[in-house]
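Trainee: next come a sequence and a model predicted from it.
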Amino acid sequence: MTLAIAVAVLAAVGTYLIVRGGAVRLILGFILLGHAANLIIIAAGGTFRREAPLVDGGVVLETMADPLPQAFVLTAIVITFGVTVYLLSLVARTAKRSARNAGEGGAHD
Amino acid sequence: MTDVSFLTTWVLPAVFGVPLFAAVATFILGARWASRLIGLLVPIVVFVIAVLLIVATADGSVVVAQIAGWPGGVSIAFVGDLFSALMLAATSVMVFTCLVFAYSAGLGMDRWFIPSVSIMTAGVYGAFVTGDLFNLFVMVEVALLPSYVLMSRSGVLTALRSARLYLIVNLTASTLFLAGLGVVYGVTGTVNLAALAGLGIFPVVGIAVGVIMMAMMLKAALVPTHSWLPATYPYTSPAVTALFSGLLTKIGAYAIVRIISIVYEPGQLITVIVIAVCVASMIVGVLGALGEGTIRGGLTFQMVSGMGYILVGVVLAGAVGMAAVVFYLIHHMIVMTSLFLTGGSVEHEERTGVVGRLGGLAKAHPIAAFAFFLSAASLVGLPPFSGFWAKLGVLTAAVDAGSALVVVVVLLVSVGTLMSMLKLGTGVFWGLPKGAREDEDTPSDVTVVADTTAGRAGATGTAIDIAAAVEAPPMTRWRPFLVFPGLALALLSLGIGIFPEWLLDLTQTAGESLNDTAGYVTAVLGGGS
């Protein structure tokens, strides 16, 4: 239930930030949405199973954590991180160009 | 079945690996002739692999590479069936021709261009051979990240704005895809496509996979989620538009075909949904194409319309419909890329893509006019072009399925396609030369300029943006390789139209194996090889 609420809040805030517009809000919104998706995957593995998934005899399958969703999430986090860095650099570039264009326009006026 | 063990272990993953290594090599080498050569070699290598795969799977068998030798169901499998093989072959041809065009247009000088294209194609080829939904997500991301770079490399502010819209749309789709993966895993405990076979009969699985289908629909630009495509694709350089049209939306189409064919059973609610979406795509796309005022603007709407034609067969008449899907997909890739390349060559030579400023160019660019005529006739579906057989296939499937709605819409929209291509053709190649048209068009152009400078342009798509976004270098000499790629693809479409039997046979087999997925499932899960 905690996870469901967390996903709901993250998705709601993320969507709000994206539709509000503005470059930085947009990026923050997508970061939050990405977290929401990651939590869904973690929840899919079952949060009640917490033991380390090492098959060395001492672990019961019922309490063993599912390693696959964790691997998924790890991959997804890396991808989201890369995209975020790219987005930020794109925003910085756009801002610089806009500023320069505005400056040129001002010089002509 | 021929002995294909060598294909399974190394060659199938190679379609993903070779372009990746090429990307690293070309990045280190920088913008030199060696990089350009490597860039051209990669699609050739992939094409050879694809032909080997077609030979190996022409009897409907399925080639599987269980990565790291894990047993089926545990490993992340690379799967090659005839559909994948045909897609690989078609895409590699598209990449090769687009690269020739791009080099001729001067993009080969950009240090980032060839590595970006290599990585992008790695993702696309990978998506065609992966047998795992999460791996599909990764492949799609691998293809998308360099596409962001390519999209925003045009260097003009308007291009950056449309690049932002492109990013938002694709990030939304990716996030939705990821969430859908979580739901599918939570419901079924697997994301291996073969293990999900037929599970769509359970509503909860059907809905979970439906989330992924929605993400793919957004990427394929089907109708309720299509409007981003005409607002972004025309605003980058022509070569990149052609590449994207041949590759990226087609990943969405491929994934939709693959997932529907494996997961869902015919006769479910999905049949109604797919027909509704596809019919709407055909109609809205063609109407949009009629209203557009630029070459590439009109063509991107034709992509939306074509996506409806491609996918409607997925739920019609089983194997016949699936065969129509595969044939139409290949035909559409060839023809749309040809049109974008031909249109792009005109844009480069005349330095604008606004139809109102062009006209009477058939004399100045006879080869481009000829290529445009061939591809446009093929897109409309006139015999003896590949489009005729493609539309005939869709119509046959619709008649077999008894769907009068699809038959009527396919025929009516073809008339609309004819009109929009006539409009483009007369506006660019056969109409009055631009001098004679200048007076009537000038006032509207001025308003457009005022609109743009007001800063509202962005994604709404005014004609002048494209003119600004394309930084064509000044014409100093005739560049034959600007028009030959488009002409070659147009002639390929004509060739397929005149000799369609071999491709019809192949797509027939591909359609049968898509319709009856037992072979696919056994090959992936059944511990084979």
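Mentor: Perfect, I can see it now.
Trainee: quick one: contacts of the helix or strand residue A:14 falls within?
Mentor: Assigned by DSSP states H and E, residue A:14 belongs to helix A:2-20. With contact meaning CB atoms under 8 Å, 6 or more residues apart in numbering or on different chains, helix A:2-20 is reached by A:25-26, A:28-33, A:35-36, A:39-40, A:42-43, A:47, B:168, B:172. C-beta here means a position set from N, CA and C on the backbone, and glycine is covered the same way.
Trainee: strands along the stretch 301-450 of chain B, start to end?
Mentor: Ranges of strands within the stretch 301-450 of chain B: none, based on DSSP state E, counting those that start in this stretch.
Trainee: buried ones in the helix holding residue A:14?
Mentor: Residues A:6, A:7, A:10, A:11, A:13, A:14, A:17, A:18 are the ones in helix A:2-20 that count as buried (16 or more other CB atoms under 10 Å in any protein chain shown).
Trainee: who's in contact with whichever helix or strand residue B:283 is part of?
Mentor: Using DSSP H and E, residue B:283 sits within helix B:269-291. For helix B:269-291, the external contacting residues (CB under 8 Å, 6+ apart) are B:200, B:206, B:210, B:217, B:222-224, B:226, B:230, B:260, B:264, B:298-299, B:301-309, B:311-312, B:314-316, B:403, B:405-406, B:409-410, B:413, B:416-417, B:419-420, B:423.
Trainee: equivalent analysis for stretch B:418-434, please.
Mentor: For stretch B:418-434, the surrounding residues in contact (CB under 8 Å, 6+ apart) are B:286, B:289-290, B:295, B:298-299, B:301-302, B:343, B:346, B:355-362, B:365, B:368-369, B:372-373, B:376, B:379-380, B:437.
Trainee: how about 7 Å then?
Mentor: Residues outside stretch B:418-434 that contact it (CB atoms under 7 Å, 6 or more residues apart in numbering or on different chains) are B:286, B:289-290, B:295, B:298, B:346, B:355, B:357-362, B:369, B:372-373, B:376, B:379-380.
Trainee: low-confidence stretches in chain A?
Mentor: Within chain A, the segments meeting pLDDT under 70 span A:55, A:57-59, A:101-109.
Trainee: go again with 80.
Mentor: The model of chain A has pLDDT under 80 over residues A:21, A:46-64, A:90, A:93-109.
Trainee: tell me the centre residue of chain A?
Mentor: Nearest to the geometric centre of chain A sits residue A:34, at 2.7 Å (CA atoms, centre = their mean).
Trainee: picking that back up, tell me how far the helix holding residue B:283 is from the chain's mean position?
Mentor: Relative to its parent chain, helix B:269-291 has a centroid offset of 17 Å by CA atoms, centre = their mean, to the nearest Å.
Trainee: what of stretch B:22-39?
Mentor: 25 Å.
Trainee: show me what the longest helix seen in chain A is packed up against.
Mentor: In chain A, assigned by DSSP state H, the helix with the most residues is helix A:67-108. When contacts are defined as 3 or more CB pairs under 7 Å, 6 or more residues apart in numbering or on different chains; DSSP states H and E, helix A:67-108 packs onto helix A:23-44, helix B:133-152, helix B:157-188.
Trainee: what about residue B:236, neighbour count?
Mentor: The tally of other residues near residue B:236 (other CB atoms under 10 Å in any protein chain shown) stands at 26.
Trainee: the strand or helix carrying residue B:53 packs against which elements?
Mentor: Element membership for residue B:53 (DSSP H and E) is helix B:33-57. With contacts taken as 3+ CB pairs under 7 Å, 6+ apart, helix B:33-57 sits against helix B:12-29, strand B:63-66, helix B:82-104, helix B:113-129.
Trainee: one more time with 10 Å
Mentor: Packing partners of helix B:33-57 (3 or more CB pairs under 10 Å, 6 or more residues apart in numbering or on different chains; DSSP states H and E): helix B:12-29, strand B:63-66, strand B:77-80, helix B:82-104, helix B:113-129, helix B:501-515.
Trainee: quick one: closest of those to chain A.
Mentor: Closest approach to chain A among these is made by helix B:113-129 (11.7 Å; CB to the nearest CB).
Trainee: and that closest one, how far from the chain's centre?
Mentor: Here helix B:113-129 shows a centroid-to-chain-centroid distance of 13 Å under the convention CA atoms, centre = their mean.
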